[in-house]
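**Student:** Fold the following for me, if possible:
(one chain, ligands or ions: 1)
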Amino acid sequence: MPLIKKLRATFFNNSPNKEWPGLIEAYRSKLPVSKKTPIITLKEGNTPLIELKNISNQIGRGVKVFAKYDGLNPTGSFKDRGMTMAISKAKEKGCEAVICASTGNTSAAAAAYAKKGGMRCFVLIPEGYVAQGKLAQALVYGAEVLSIKGNFDIALEIVQKMANDYPLTLVNSVNPYRLEGQKTAAFEIIDALGEAPDWLCIPMGNAGNITAYWMGFKEYYKAGISKNLPKMMGFQAKGSAPLVYKKTIEKPETIATAIRIGNPVNREKAIKVKQESNGQFEAVTDSEIINAYQLLGSEEGIFCEPASAASVAGLLKNSKKVPENTKIVCVLTGNGLKDPDCAINNHKATFHKGLEPDLRELTKVMKIKQI
Ligand code: AN7
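**Tutor:** A predicted model of the protein is given here:
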């Protein structure tokens with residue numbers, strides 16, 4: 001090989017800029033796709049695993065905490081992982097329209113992928129309970145938005161019936177391809193750490209994601225790629241915790257609107273995950289969620305949405321129970337930019353308003369002395 005070609009090949013292989021092909025291409029052999037499947041991708045996946053050094057130090061005893069920051073996916077949440085699969089498979093079978101119920105993130109992801117694939121996308125959302133950024137996304141991506149006077153659980157019941165009787169493909173997490181796509185996050189964690197973590201802390205709504213992660217961890221374990229399996233620690237908001245209290249919640253409430261779900265469709269699967277992994281389900285209060293949300297922002301430089309912070313809130317609640325020298329991954333499922341109202345209404349930062357544009361006035365407020 002001529003030198004220049006050799007150099008270029010070496011550079012390319014080592015280059016951090018070598019393009020990521022999207023998760024279906026990256027994990028093709030482990031996903032139910034064939035040569036005939038049209039791959040509809042926005043290059044989702046390959047999200048960073050970031051060590052949370054300040055939170056690790058706070059817990060101490062050699063515990064290392066990492067965040068799987070899935071809010072850095074193309075539409076800002078983990079839903080893109082499942083949606084690239086669900087929409088590619090829908091396209092393969094010739095589907096022309098998809099539908100979902102959503103607390104916001106599913107609708108954003110469904111809209112982006114469905115429209116890219118040339119399909120109509122209907123979304124049913126609970127009026128008044130979808131964060132601004134998510135609604136903005138669904139509208140801009142071109143979904144047909146149906147806002148109902150009812151909560152997510154009612155919306156999901158309706159879309160399940162519609163998908164039975166109309167030419168619509170349901171892309172909520174009852175669609176098995178969603179979980180197949182989402183399991184790749186577990187692969188990525190093992191690819192990065194070289195092993196599975198000791199604990200996986202994750203927020204739960206419909207409990208699709210915890211089910212998908214467990215599928216991924218088990219698959220790598222069975223293939224001998226990892227030698228251990230994590231304890232699956234699922235967290236719900238106290239006012240919306242059907243899996244913790246083992247009953248349907250008729251009127252779920254929480255500041256974390258993404259997980260304001262009272263009747264999770266993946267209930268049975270989640271219970272199995274807990275049993276198989278020797279895991280735990282627990283509730284965290286809204287104030288514990290906001291605490292973790294602010295801590296992640298102000299000490300770790302990570303802006304996630306409130307539902308995502310439930311994973312860290314849950315870990316902090318259990319920090320004394322964490323065994324020494326363990327590795328823990330907290331899944332940060334969505335980007336903080338999706339819910340600016342929550343950020344503005346709950347920050348603890350210094351924010352002086354209405355100041356005169358005067359250097360002396362400003363430095364006085366800043367309480368900083370001239371050198
Ligand atoms: C940021 O978008 O259900 O336990 O309709 O948006 O798999 O349901 C969102 C769920 C966690 C819970 N974190 O995941 C929807 C929706 C964020 C979320 C969850 C959601 P699952």
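
**Student:** so how far is the ligand from the residue most central in space within the chain?
**Tutor:** For the chain, the residue sitting closest to the mean C-alpha position, by C-alpha atoms, centre = their mean, is T333 at 2.1 Å. For T333, the distance to the ligand equals 3 Å [C-beta to the nearest ligand atom, to the nearest Å]. C-betas here are computed from N, CA, C, even on glycine.

**Student:** Could you tell me which residues of the stretch 101-250 of the chain lie near the ligand?
**Tutor:** 102-106, 173, 203-209 (C-beta under 6 Å from any ligand atom).

**Student:** Tell me which two of these sit farthest apart.
**Tutor:** Farthest apart among these by C-beta to C-beta are G104 and A207. That separation is 17.2 Å.

**Student:** wait, the residue nearest to the centre of the chain sits on Y69?
**Tutor:** No: with contact defined as C-beta atoms under 8 Å, T333 does not count as touching Y69 (9.4 Å).

**Student:** For P306, give me its contacts.
**Tutor:** The contact partners of P306, taken as C-beta atoms under 8 Å, 6 or more residues apart in numbering, are I255, A256, T257, A258, I289, I290, Y293, D339, C342.

**Student:** at 6 Å what do you get?
**Tutor:** I255, A256, I289, Y293, C342 (C-beta atoms under 6 Å, 6 or more residues apart in numbering).

**Student:** got a list of what the last one touches?
**Tutor:** Just to be clear, that refers to C342. If you count contacts by C-beta under 6 Å, 6+ apart, C342 has them with P306.

**Student:** and it, helix, strand or coil?
**Tutor:** At C342 the chain is in helix, as set by DSSP: H, G, I helix; E, B strand; the rest coil.

**Student:** okay, it: pLDDT?
**Tutor:** As predicted, C342 sits at a pLDDT of 98.

**Student:** how far away is the residue nearest to the centre of the chain from D358?
**Tutor:** Between T333 and D358 the computed distance is 44 Å (C-beta to C-beta, to the nearest Å).

**Student:** What distance do you get for G301 to Y213?
**Tutor:** For G301 relative to Y213 (C-beta to C-beta), the value is 24 Å.

**Student:** ok, these two, which is more surrounded?
**Tutor:** Neighbour count, other C-beta atoms under 10 Å: between G301 and Y213, Y213 has more, with 30 against 10.

**Student:** show me the contacts for the more buried one.
**Tutor:** Contact analysis of Y213 by C-beta under 6 Å, 6+ apart lists A186.

**Student:** in the stretch 1-150 of the chain, which spans are strands?
**Tutor:** Along the stretch 1-150 of the chain, the segments classed as strands by DSSP state E, counting those that start in this stretch run 49-51, 64-69, 97-101, 120-126, 144-148.
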